[in-house]
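> my questions are about this predicted structure, shown below with the sequence.
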Protein chains: 2
Amino acid sequence: MHPSPRTVGIVIFENVEVLDFAGPFEVFSVARPVDVHDDAQRLFRPVTLGRTPDVIRAVGGLQVKPDHTLADHPPLDIVVMPGGWGTRALRRQPDVLAWLKAQSAGAEIVASVCTGALVLAEAQLLDGLTATTYWDNVAMLRAEYPQVTVRDDVRFVDNGQIVTSAGVSAGIDMSLHLVARLHGDDVAAWTARRMEYSHWP
Amino acid sequence: MHPSPRTVGIVIFENVEVLDFAGPFEVFSVARPVDVHDDAQRLFRPVTLGRTPDVIRAVGGLQVKPDHTLADHPPLDIVVMPGGWGTRALRRQPDVLAWLKAQSAGAEIVASVCTGALVLAEAQLLDGLTATTYWDNVAMLRAEYPQVTVRDDVRFVDNGQIVTSAGVSAGIDMSLHLVARLHGDDVAAWTARRMEYSHWP
C-alpha cells in the first residue's frame, strides 16, 4: 500500500496565465518516488477549480474545463492561486476571497504564482509576511499592500503555510521546492528529471 | 499597421503531456517586440487542434477543449506536435500521420516536443535528419527509426523546417529558439523576461 497522494487544487479563471497553472500542474502531476514512473505511486493529485463549471479561456485563448468548482470540490491539502491579467477582476470577487480565507484555515499550504500574490494579499493571507510576485507587479504589491514585505530578488518565498513565487515560469521552481520540502531533495530532483527540467539544481 | 502574427497550431490529444503543449503555448502567446506588452502587436497566434472537437484529458487529468480540429482549422505557419503517453496511440492513427505529411508541404516549421518526435518519425518527416526526444525514449527512437540520427545531449535540434526538442520543459527552450530565429535574439530575450524565464541565456 502506498500513502494517499496530497490533493492540489489549482484555481483557474478567465485570463489566467497559462504557464502559471500549467507549470505547477505538471510538477505535481509527475512527482514520484525516486526511479518510479508508476501512476499508482504518484505523490500528488492535481485538480483544477473554476468559479463555475464552464470552460475558461486562459491568456492567449487556451480553453480549459475545470474539474470542480470553488463551491464543490474534494478537500485540498495544497491550494495554488496562479496569476495573469484575470487577477485584476478576481481579487475584487468576494466569493473568491472568502474561499481563500476558508481554505487557509485547513490547507497545509496555500501558494501563489505571479500576480496570484495580489489575490492572496487582498484576502489578507500575506499580512505580516514576506512575499514575491511577477517582476512587473512588485511595485504594485508594495504600494497597495504595505503590510506585506515584498522581495524582488528570489524565485519564491516560503513562509511555511503561505508560499509565493515570482512570475510565470517561477511557479515550476516553487512547485519543485514544495516537492523537496514534503518528500526530500532526491524526489524533487527525480521529478525535475522526469520533466527534463535541467535548470533545477 | 503591424504585420500579421504567425499562426501556431498545437496538437492536443488524450494523454498529451501538459507542459509539452503548455510551454510552447505560453512562449508563442507572450512573444512581443522588445518592451511591448500590447496584444495588438503579438507576434504569434497559438491555437489548439484536436482530432475531434471534444475536450481531451492530458496526463494528470487536465481537461482542455481544442479550438479547432485537424480536419478544420485556419492555415498554419508553425505546427507543434507535443509528446506524452498518448503518442503511443497517436502514431498509429493514419489520419494524424496523413495530416502531418500534408502540413509539412506548406508549413514554415513543423516542430515536436518530447515523444512528439516519434509521431514525426512515423510520418517520415525525420528521415535523413538529426533529431532529439525525451531522454527515456532516445533508445526507442534510435531502434525503431534507424534512418534518423538521434542526439541525446541537446535541448533541441533545428534542421530548418523540421525542429525537435528534448522532453517536456525543453519545449520552452525550443520555442524561445524559434522566436529568436524568426524575430531576433532581443525579442526572444524579452519574451523570456515576460515569462520570468531566467534560464534563457
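Happy to help now that I have it. Residues are numbered from 1 along each chain as shown, chains lettered A, B, ... in the order given.
> where in chain A is pLDDT low?
With pLDDT under 70 as the threshold, chain A has low-confidence stretches at A:1-2.
> helices of that one, residue ranges please.
Defined through DSSP state H, the helices belonging to chain A, from first to last, are A:18-30, A:87-90, A:94-106, A:116-122, A:138-144, A:170-183, A:185-194.
> the residue nearest the centre of chain A: what's it in contact with?
In chain A, the centroid-proximal residue (C-alpha atoms, centre = their mean) is residue A:80; its distance is 2.7 Å. Shown here is residue A:80, whose contacts under the criterion C-beta atoms under 8 Å, 6 or more residues apart in numbering or on different chains are A:8, A:9, A:10, A:11, A:21, A:24, A:111, A:112, A:113, A:116, A:171, A:175. Placement of C-beta: from N, CA and C, glycine included.
> which among those residues gets closest to residue A:105?
Relative to residue A:105, the closest of the contacts of residue A:80 is residue A:9; by C-beta to C-beta it sits at 14.3 Å.
> number of residues surrounding that closest one?
The local packing count at residue A:9 equals 24, with neighbours defined by other C-beta atoms under 10 Å in any protein chain shown.
> which ones are touching the residue nearest to it when sequence neighbours are not counted?
Once its chain neighbours are removed from consideration, residue A:9 has its nearest residue in residue A:76; the separation is 4.0 Å (C-beta to C-beta, 6 or more residues apart in numbering or on different chains). When contacts are counted by C-beta under 8 Å, 6+ apart, residue A:76 touches A:7, A:8, A:9, A:103, A:106, A:107.
> hmm, back to that, for the residue nearest to the residue nearest to the centre of chain A when sequence neighbours are not counted, list each beta-bridge partner.
Spatial nearest neighbour of residue A:80, chain neighbours left out: residue A:10 (4.5 Å); criterion: C-beta to C-beta, 6+ apart. Beta-bridge partners recorded for residue A:10 (DSSP bridges): residue A:48, residue A:80.
> can you pull the contacts of the spatially closest residue to residue A:196 that is not a sequence neighbour?
Closest residue in space to residue A:196, ignoring its immediate chain neighbours: residue B:167 at 3.6 Å, by C-beta to C-beta, 6+ apart. Under the criterion of C-beta under 8 Å, 6+ apart, the neighbours of residue B:167 are A:195, A:196, B:20, B:83, B:113, B:114, B:115, B:133, B:134, B:135, B:136.
> buried subset of those?
Of the members of the contacts of residue B:167, the ones counted as buried by neighbours, 16 or more other C-beta atoms under 10 Å in any protein chain shown, are A:195, A:196, B:20, B:83, B:113, B:114, B:115, B:133, B:134, B:135.
> picking that back up, buried ones among the contacts of residue A:80?
For the contacts of residue A:80, burial is judged from neighbour counts taken by 16+ other C-beta under 10 Å, and it is met by A:8, A:9, A:10, A:11, A:21, A:24, A:111, A:112, A:113, A:116, A:171, A:175.
> give the contact list for the last one.
Taking C-beta under 8 Å, 6+ apart as the definition of contact, the neighbours of residue A:175 are A:23, A:24, A:27, A:28, A:80, A:111.
> returning to what we had before: could you single out the most deeply buried of the helices of chain A?
helix A:18-30 (a mean of 30; mean count of other C-beta atoms under 10 Å in any protein chain shown).
> tell me the buried residues in stretch A:146-166?
For stretch A:146-166, a neighbour-count test (16+ other C-beta under 10 Å) marks A:148, A:150, A:155, A:156, A:157, A:158, A:162, A:163, A:164, A:165, A:166 as buried.
> surely the last one and residue B:193 touch.
Yep, that's residue A:166 we're talking about. No: look at residue A:166 against residue B:193 with C-beta atoms under 8 Å: they stay out of range, at 11.7 Å.
> ok now stretch A:25-45, how far from the chain's centre?
A distance of 17 Å separates the C-alpha centroid of stretch A:25-45 from that of its chain, computed with C-alpha atoms, centre = their mean, to the nearest Å.
> ok, now stretch A:40-47?
Centroid separation for stretch A:40-47 versus its chain: 15 Å, with C-alpha atoms, centre = their mean.
> ok, which residues in chain A are in contact with chain B?
Residues of chain A found near chain B, taking C-beta under 8 Å from any C-beta of the partner chain as the criterion, are A:17-19, A:22-23, A:25-26, A:28-30, A:46-48, A:55, A:59-67, A:114, A:134-135, A:155, A:166-170, A:172, A:193-199.
> how about a cut-off of 6 Å?
Residues of chain A found near chain B, taking C-beta under 6 Å from any C-beta of the partner chain as the criterion, are A:18-19, A:22, A:25-26, A:29, A:46, A:55, A:60, A:62-65, A:166-170, A:195-197, A:199.
> now the contacts of residue B:167 as CSV including distance to residue B:180?
Listed next are those as CSV, based on distance: C-beta to C-beta, whole Å:
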residue, distance to residue B:180
A:195, 23
A:196, 20
B:20, 20
B:83, 23
B:113, 17
B:114, 21
B:115, 25
B:133, 22
B:134, 23
B:135, 24
B:136, 28
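> neighbours around the residue lying closest to residue A:63 once chain neighbours are set aside, how many?
For residue A:63, the nearest residue in space outside its immediate sequence neighbours is residue B:65; the separation is 4.0 Å by C-beta to C-beta, 6+ apart. For residue B:65, the number of neighbouring residues by other C-beta under 10 Å comes to 18.
> quick check: residue B:65 touching residue A:64?
No: with contacts counted by C-beta atoms under 6 Å, residue B:65 stays clear of residue A:64, the gap being 7.4 Å.
> pull the contacting residues for residue A:96.
Remark: with contacts taken as C-beta atoms under 6 Å, 6 or more residues apart in numbering or on different chains, residue A:96 is in contact with residue A:90.
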